[in-house]
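**Q** All I have is the shape, not the residue letters:
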């Protein structure tokens, strides 16, 4: 698409602005159909972003996109239109705001609820430095459930600075928005709200400007002009109602399914197996409950929610609350399954430690999208969970090798009386689902050589199998072990393992994961190690296998280690 | 003190109940004066807890104490009076609720904001199991700033169960409560609130019962009876106003200083040095700002808040928001120092990763109360931070050996352009404050032997010095190194180190800390290791040196390793 400069927006008549919106909408649909990405949320915010770029002057003024998945129009209007076809491709434009990509991106986001805190920090720095630009936080109604947003609103008076909060209300998180705040927002939106709801915002130091039609340029321009004026003397909340997927019939009708699109076929999803297993278990075990933080469908929980609505809880984007809720349910005799993406589980780290494991309660964490996830980039890679779970007392951590083994672990967890985290990628293949004993590894291939490879998780076991095929072609062989538990380790197998040369392969950062665990177990035994995990870096967007190779877990590198060890052994 | 059974409370007249309150108050003052502990908060809640124990029937009914530092009266009324003199002593009663201690403690707490989520989980489990007991969450007004509380309130409608929330409003966190929510609560308390504030709670599914004098048995009993009735049909919020330190003139006048008391003399506090250094730096560097989550005094920030009020922010008990705020301040040119206890920093783990380190922003985390802290037990030990910080890209982690070195690190951080965490215990001694180069170790003693000891932090270096004295008496010597950075490691020193036998000593869990970092560095070099850190367990309350020994970091054990290595070397 052509680059559109601000002067064009400023000079344009409303009909011309609408045509620009059409251009942008077409570009987004086309690009996402090729590159994947967040479609519905971006289609919903085209007019709003165009209006913002006309009324405000970026990058002097600053805008923080909460979550950041709705920034495509902003990218198209800030000198990145020519590169937009590289969206989410390795080396191309990120699907999220990135300070390193453009001065127009002032703050990186990816997880929900940070935008108001971030806008307040930027505005406060501005005041202290004697500058005068405007700071805007664009926040979806789903994020308004998140505790961080509340903490930020609570500190408006304390920080004594002015920001513009645009509440982009489309009634959706990835799942439809839920909860008390949502009810309040809904009434405001529908005009049926009692006046106290408006006063509520004012008590926190925000002038509530009322509801604005967010897909209507004619309504947006005067509202934003007015907000800009008010910002001189107060913080402002502009409640903008948009339609997720606006302008595209398919998206408008299926906003959950079109929230995020993947270009490649994803294979069979682990999440579907989770839904099936939980439904089957729940049929005979009344203790089983399922909890999600606004991602029922993407985590495969829809069948459970449909079959057992009284035992299924979507608490909104509240990862911490969901964890404590699970701990308490378990403390009172239930068996909670909390499904969540690896990267979002970081939000609940303290509650895993303090509430779940501190009390040794039988909560099962179903840690989806673990390992490199690819196109969403730094904020969505699930490459830290083995490290941040490795040292928590009372916790068991399983890493199934395929969907069959995942099913077996979910079943094993039902009778298990301690905290249990199972981490798995989005997609893979089915496999043997016979019972798994907790804390045991699986010997996949026994070789005569002095080299043993421990691989964890489907991607790494596939890599190790490929390495073995290549090695076999050179008449090299090694013992291959499915290291399916980070903790407890299979100490019986480890103690009896004859090999001197130990190779580990994991879909996690090198520091603090499986490699460290095995090195620690074998300390002072004279064994020799090669540990493959990602080097210490935030891994950007790209193609998963390519990223894995670039960041330290490549087939060639593992094969080279096998060759070297085999020659020495 | 004598055990007081519920039947005595039920039979007692109001004047008799007041005498029981006096008895309890005297017992708490006496015990805390010997054992240390949370004085002001417990004195403030005597009448409330006595009234709760009369109206409700524990342990059938359940009460969750938010933070849990106000549970002493509950302990005295639940069969633990005879053991109350062992409070916070090793092997004695915990200062916090503990499921393992009594069936009257239904849920363990220690960190702020979990009680409503926990009460909801317990109540929901009750409903699903067809039980009928009452569930109460007792929450201070300070916690009402915390995002977790908001997330829990947001899900009241979703969970569709009934709990009684008692808002214990004493106007204090550890520091006075701040923020928009506090203003709303204050107006309610003073009767000057507009009616919409009451409606606010109702919108979330809570019946607001109004304000009750929380140190007045005569007012409390009917209010709680009424709340118990209402619980049949709705969730209820009872707003109880108490006076922190009630009944003790010294506490009433100094609630911040008497929030928590330590029995032993604490030595010189690192926090005081932090305040001095930040004030000195800020005099010539206008970028410096300080942020705290409701602990200005305990973190030593009072002088900075007094000298630079425009650059000092207490955002309330909002550990996550504080982190994002710091990231954003740094992104816009400021140099934020975020002081926080090690255990509470866990709450901000995702924001450290996602906001601060993900953007490589120059925020300095001043991680106070690191290592074993002692008498507060499991939820307050700072023994995980080296592990959860060890694998985060872009982060530097310093572990000063004394207050002098701490000062040097704080100064070094001012000119440093990356995220920097400095972890230190509460108290120690002054020392040389000459400049420290980031990423360098310090050779404390060079010996001819084949044994090198790496110790990190004041406690472990003192331990290593004591071991050296004992070893010297046996004509054994070793090289002693101050491993003052977990990351980056001093690779130049490590590479040139001649010793084969490596001992590490750290005030952190063994897994994922300094020992693992050095083992990883020296992998496959044929060196032999003994790593001393705490074994994987939640460390209960007790005397720090004794706890350290019991959990794996004892002088005798390190000395034994030195002897063995020296003999082999």
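**A** Right, received. Where do you want to start? Everything numeric here is computed off the predicted structure, so don't read it as measured data.
**Q** and the closest residue to residue A:482 other than its chain neighbours, how many neighbours?
**A** Leaving aside its chain neighbours, residue A:482 sits nearest to residue A:442 (3.9 Å; criterion: CB to CB, 6 or more residues apart in numbering or on different chains). Yep, even glycine has a C-beta here, placed from its N, CA and C like the rest. Here the count is done by other CB atoms under 10 Å in any protein chain shown, and residue A:442 has 16 residues near it.
**Q** and whichever residue of chain A sits closest to chain B, how many neighbours does it have?
**A** Nearest residue of chain A to chain B: residue A:147, at 2.1 Å (CB to the nearest CB). Per other CB under 10 Å, the neighbour tally for residue A:147 reads 26.
**Q** for the closest residue to it other than its chain neighbours, what are its contacts?
**A** Nearest residue to residue A:147 in three dimensions, chain neighbours excluded: residue B:147, at 2.1 Å (CB to CB, 6+ apart). Contact analysis of residue B:147 by CB atoms under 8 Å, 6 or more residues apart in numbering or on different chains lists A:146, A:147, A:148, A:149, A:150, A:151, A:320, B:113, B:318, B:320, B:321.
**Q** could those residues be laid out in TSV, adding pLDDT and secondary structure?
**A** Shown next, in TSV, are these (pLDDT from 0 to 100; DSSP: H, G, I helix; E, B strand; the rest coil):
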residue	pLDDT	secondary structure
A:146	96	coil
A:147	97	helix
A:148	97	helix
A:149	96	helix
A:150	95	helix
A:151	96	helix
A:320	98	helix
B:113	98	coil
B:318	97	coil
B:320	98	helix
B:321	98	helix
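**Q** Take the residues you listed and write them to JSON lines, including distance to residue A:425.
**A** Formatted as JSON lines, the contacts of residue B:147 follow (distance: CB to CB, whole Å):
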{"residue": "A:146", "distance to residue A:425": "26"}
{"residue": "A:147", "distance to residue A:425": "28"}
{"residue": "A:148", "distance to residue A:425": "28"}
{"residue": "A:149", "distance to residue A:425": "30"}
{"residue": "A:150", "distance to residue A:425": "33"}
{"residue": "A:151", "distance to residue A:425": "33"}
{"residue": "A:320", "distance to residue A:425": "24"}
{"residue": "B:113", "distance to residue A:425": "33"}
{"residue": "B:318", "distance to residue A:425": "34"}
{"residue": "B:320", "distance to residue A:425": "28"}
{"residue": "B:321", "distance to residue A:425": "32"}
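**Q** Pop the domain breakdown of chain A in here.
**A** If you go by automatic domain parsing, the domain ranges for chain A are A:6-253, A:268-428, A:442-568.
**Q** most tightly surrounded among the ones you listed?
**A** domain A:268-428 (a mean of 24; mean count of other CB atoms under 10 Å in any protein chain shown).
**Q** How far away from the center of its chain is that domain?
**A** 14 Å (CA atoms, centre = their mean, to the nearest Å).
**Q** For residue A:256, which non-adjacent residue is spatially closest?
**A** Setting aside the residues directly before and after it, residue A:256 is nearest to residue A:297 in space (CB to CB, 6+ apart), at 5.5 Å.
**Q** Look up which residues are beta-bridged to residue A:135.
**A** Residue A:135 forms beta bridges with residue A:62, as assigned by DSSP bridges.
**Q** what pLDDT does residue A:496 get?
**A** Note on residue A:496: pLDDT of 97.
**Q** Enumerate every residue touching it.
**A** Applying CB under 8 Å, 6+ apart, no residues contact residue A:496.
**Q** swap in residue A:227?
**A** Listed by CB under 8 Å, 6+ apart, the contact partners of residue A:227 are A:164, A:209, A:236, A:238.
**Q** Can you pick out the most distant pair from these?
**A** A:164 and A:209 (9.3 Å; CB to CB).
**Q** intersection of neighbour lists for those two?
**A** Common neighbours of residue A:164 and residue A:209 (criterion: CB under 8 Å, 6+ apart): A:227, A:236, A:238.
**Q** in the sheet, who's paired with the last one?
**A** In this case it means residue A:238. Going by DSSP bridges, residue A:238 forms beta bridges with residue A:166.
**Q** what about the residue nearest to residue A:482, distance to residue A:456?
**A** Distance of residue A:442 to residue A:456, computed by CB to CB, to the nearest Å: 11 Å.
**Q** Between those two, which contacts overlap?
**A** A:482, A:484.
**Q** counting contacts, what elements does the longest helix along chain A pack onto?
**A** Counting by DSSP state H, the longest helix found in chain A is helix A:14-35. Applying 3 or more CB pairs under 8 Å, 6 or more residues apart in numbering or on different chains; DSSP states H and E, we find helix A:14-35 packed against helix A:6-11, helix A:40-44, helix A:46-55, helix A:72-76, helix A:217-230.
**Q** same thing but 6 Å
**A** In terms of contacts (3 or more CB pairs under 6 Å, 6 or more residues apart in numbering or on different chains; DSSP states H and E), helix A:14-35 is packed against helix A:46-55, helix A:72-76, helix A:217-230.
**Q** Would you mind giving the ones you listed as a markdown table with mean pLDDT added?
**A** As requested, those are exported to a markdown table (pLDDT from 0 to 100):
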| stretch | mean pLDDT |
| --- | --- |
| helix A:46-55 | 98 |
| helix A:72-76 | 98 |
| helix A:217-230 | 98 |
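**Q** Relative to residue B:10, which of these is closest?
**A** The stretch from those with the least distance to residue B:10 (CB to CB) is helix A:217-230; that distance is 58.6 Å.
**Q** Check the offset of that closest one from the chain's centre.
**A** In terms of CA atoms, centre = their mean, the centre of helix A:217-230 is found 33 Å from the chain centre.
**Q** Thanks again, I'm all set now.
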